[in-house]
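Participant: Need coordinates for the following:
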Amino acid sequence: MKQSEIVNLSVADLQEQLKELTNALNSLKATHAISPIENPLQIRKVRRTIARVNTELSKRELQ
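Facilitator: Next up is the predicted model:
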């Protein structure tokens, strides 16, 4: 998910997206711990998207 897409979401949508991404990250980590996943860079991509969503949420709290 790109930053331009994140900016256009509402706060409720951002929080929902954060929950989904966190669940996806936990699932990827568990799967990777059991047997290596095909593309381990997916974990990095999801982690960075979570960081983007958290940054946008905190930016909106400060406004």
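Participant: tell me the centre residue of this structure?
Facilitator: Ile50 (2.8 Å; Cα atoms, centre = their mean).
Participant: In contact with it: list those residues for me.
Facilitator: Residues near Ile50 by Cβ atoms under 8 Å, 6 or more residues apart in numbering: Leu18, Leu21, Thr22, Leu25. Quick note: C-beta positions are derived from backbone N, CA and C, even for glycine.
Participant: ditto for Asn26
Facilitator: With Cβ under 8 Å, 6+ apart, Asn26 has no contacts at all.
Participant: Quick one: low-confidence residue ranges for the chain.
Facilitator: When residues are selected by pLDDT under 70, none of them lie in the chain.
Participant: circling back: list the ones among the contacts of Ile50 that fall in helices.
Facilitator: Residues of these located in helices (DSSP state H): Leu18, Leu21, Thr22, Leu25.
Participant: With Ser35 as the reference, measure out to the residue lying closest to the second one once chain neighbours are set aside.
Facilitator: Read that as Leu21. Closest residue to Leu21 in three dimensions, ignoring its sequence neighbours and counting by Cβ to Cβ, 6 or more residues apart in numbering: Ile50, at 4.9 Å. Taking Cβ to Cβ, to the nearest Å as the measure, Ile50 and Ser35 are separated by 24 Å.
Participant: Equivalent analysis for Glu5, please.
Facilitator: Using Cβ to Cβ, which is the criterion applied here, Glu5 is 32 Å from Ser35.
Participant: quick revisit: any of the ones in helices among the contacts of Ile50 buried? List them.
Facilitator: When burial is judged by neighbour count using 16 or more other Cβ atoms under 10 Å, the buried members of the ones in helices among the contacts of Ile50 are Leu18, Leu21, Leu25.
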